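In: Kindly return the folded structure for what I paste below:
(one chain, ligands or ions: 1)
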Amino acid sequence: MAERRKLIAGNWKMNGLKADGLDLASSLAGRLNGAGAVPFDMLVCPPFPLLFPVGEAIKGSPLALGGQDCSFKTSGAHTGDVSPVMLKDAGCAFVILGHSERRADHGESDALVAAKAKAAHAEGLVAIICVGETEAQRDAGQAESVVAGQLAGSLPEGANASNTVIAYEPVWAIGTGKTATPDDVRAMHAHIRAELGKALSDAGAVRVLYGGSVKPSNAAELMAVENVDGALVGGASLKAEDFWAIAAACR
Ligand code: PEP
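Out: I've put the predicted structure just below:
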């Protein structure tokens, strides 16, 4: 089986001001610097205004920086948008795309997510493409077909294990305190890997993260599930101690 190093990614969403972001990021960078060799990569994705100061604060540490979204354009008359070139300039190596909150709040389609991922790849950014079913879709027995459709529509041409990470985030588990059971996660991650195999030649090397109310108390169990290559963490990524404890659960 391909070696896949775990990725522990923090999605800060629309939380925190400059002082909070600097405290959190500096604490994580300090822990990483002091920890020596660890079996995971760690990433923080602050809100856009915090990217430059946080990027400066963690420069030289193994803590990676990412955006929470980007435009599919590189520059120009697109008020309110942020381009992948700008993310790169701020020190980002990653960008989260197609998060369910953006799909719901901004009507983002699979095609738009694919266009954004293509633009991100062109700048050398790793796209973390989010997929996941709603509770109604799961109850209707459609979870696997919904996720297969999102994957097929959201993966751009040229996607591979070096420039793409998938995050499986069941919508009903995000920010709700509910988590998918390890059995459900195992089944869905195996399904995702099989679907990736239809589209990518190096599907076995693509990292597939789980996201949805991951916290220190359930991280070890979830991170031990086959084909789970890390976590995308929202709420629990806002406290250095909790986020670090989730990462420390990786073996
Ligand atoms: C997320 O926003 O990607 C997420 C998984 O949030 P939470 O961990 O708070 O459920």
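In: Every contact and neighbour count from this point should use C-alpha atoms.
Out: Fine.
In: got a list of contacts for stretch 14-32?
Out: 44, 46-47, 50, 53-54, 57-58, 61-63, 238-240, 244 (C-alpha atoms under 8 Å, 6 or more residues apart in numbering).
In: Please repeat the previous calculation with a cut-off of 7 Å.
Out: Residues from elsewhere that reach stretch 14-32, judged by C-alpha atoms under 7 Å, 6 or more residues apart in numbering: 47, 50, 54, 57-58, 61-63, 239-240.
In: buried set for it?
Out: 21-22, 24-29, 31-32 (16 or more other C-alpha atoms under 10 Å).
In: How about the residues of this structure by the ligand?
Out: 11, 173-175, 211-214, 232-235 (C-alpha under 6 Å from any ligand atom).
In: Looking at the strand or helix carrying L7 now, give me its mean pLDDT.
Out: Secondary structure from DSSP states H and E places L7 in strand 6-11. Across strand 6-11, pLDDT averages out at 98.
In: cool, stretch 205-217 as well?
Out: pLDDT averaged over stretch 205-217 gives 97.
In: And for stretch 165-178?
Out: For stretch 165-178, the mean confidence score works out to 94.
In: for it, how far is the first residue from the last?
Out: 23 Å (C-alpha to C-alpha, to the nearest Å).
In: and what of stretch 67-77?
Out: 20 Å.
In: remind me which residues of this structure are low pLDDT?
Out: 1-2 (pLDDT under 70).
In: any idea how far the residue lying farthest from the centre of it is from S71?
Out: Distance from the C-alpha centroid of the chain peaks at A77, with 27.8 Å (C-alpha atoms, centre = their mean). To S71, A77 is 11 Å away according to C-alpha to C-alpha.
In: What of A57?
Out: 25 Å.
In: quick one, which of those two is more surrounded?
Out: Legend: neighbour count by other C-alpha atoms under 10 Å for A57 and S71, higher for S71 (22 against 16).
In: Could I get the full set of helices for this protein?
Out: 18-35, 51-58, 84-89, 100-105, 110-122, 135-139, 143-154, 182-199, 216-223, 240-248 (DSSP state H).
In: nearest to G67, of those helices?
Out: helix 84-89 (6.5 Å; C-alpha to C-alpha).
In: Report the buried residues of the closest one.
Out: Buried residues in helix 84-89 (16+ other C-alpha under 10 Å): 84-88.
In: what's the answer for stretch 64-79, then?
Out: Buried residues in stretch 64-79 (16+ other C-alpha under 10 Å): 64-74.
In: do the same with stretch 216-225
Out: Those would be 216, 219-220, 222-225, for stretch 216-225 by 16+ other C-alpha under 10 Å.
In: now do stretch 232-250
Out: Applying 16+ other C-alpha under 10 Å to stretch 232-250 flags 232-240, 242-250 as buried.
In: repeat for stretch 124-136
Out: For stretch 124-136, the neighbour count (16+ other C-alpha under 10 Å) marks 124-134 as buried.
In: The residue of the stretch 1-150 of the chain found nearest the ligand: what's it in contact with?
Out: Nearest residue of the stretch 1-150 of the chain to the ligand (C-alpha to the nearest ligand atom) works out as N11 at 5.8 Å. Listed by C-alpha under 7 Å, 6+ apart, the contact partners of N11 are 44-46, 232-234, 237.
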